[in-house]
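Q: Show me the folded form of this:
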Amino acid sequence: MILFLFSFSASLKAQFEEESKYIYQIIQFTNWTESNFKSNHYINLAIYNNRELAMALSSFFEKKDYSFRKIHVKNLDNLEGLNEFDILYLSENETCNFTEVVKFCNKYKVLSIGFNKIDFCENGGIVNFAYKRTQLIIQINYKAALLNNFYFSPQLLNIAEIIE
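A: I've put the predicted structure just below:
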């Protein structure tokens, strides 16, 4: 039993590290403008309803920054206060009605990122990491991104699947 818990914990840690890297790459390949940020000093990243992931991401981003901005991570149990964030991340394990969450993100111009959410971009989400067969791909809802003043580098757009 202890061995099983250890391997589950190690696998969960590996998953969190993988998700951290993906989110950081999106941050790096987004052409941010000053109007995108809610704070002058931070990029505020909300993790929706996943305290363990928020703690892991907080640890990962502790030593990282983007354009001299520290990346602050916080767990968000509900949509109250979403307007204070720059990015909202919904993990694969989150089973909320993401369509409602995405509406709030678009209302407050928050970059919504999902992991393996079926029809995430088709329902207004901006970025989704999805599996096609066994390959992880990036999906971008280009129209939603533009409506929310998010612009991505050509390098990212060239490798992404654009969803309209």
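Q: Please make it C-alpha for all contacts and neighbour counts, starting now.
A: Will do.
Q: which residues in this protein form helices?
A: Using DSSP state H, the helices of the chain run over 2-28, 51-61, 98-107, 142-147, 154-159.
Q: Show me which residues of stretch 64-78 are buried.
A: By neighbour count on 16 or more other Cα atoms under 10 Å, the buried set for stretch 64-78 is 65, 70-76.
Q: who wins for proximity to Gly125 among the helices of the chain?
A: Nearest of the helices of the chain to Gly125, taken as Cα to Cα: helix 98-107 at 5.6 Å.
Q: CA atoms only for the closest one, dumped as CSV, please.
A: Extracted in CSV, the C-alpha atoms of helix 98-107 (Å, rounded to 0.1, in the frame of the first residue of the first chain):
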residue,chain,number,x,y,z
PHE,A,98,-16.0,25.3,-17.8
THR,A,99,-18.3,27.1,-20.2
GLU,A,100,-19.5,29.3,-17.3
VAL,A,101,-15.9,29.8,-16.1
VAL,A,102,-14.8,30.9,-19.6
LYS,A,103,-17.6,33.4,-19.8
PHE,A,104,-16.2,35.1,-16.7
CYS,A,105,-12.7,34.9,-18.1
ASN,A,106,-13.8,36.7,-21.3
LYS,A,107,-15.8,39.3,-19.3
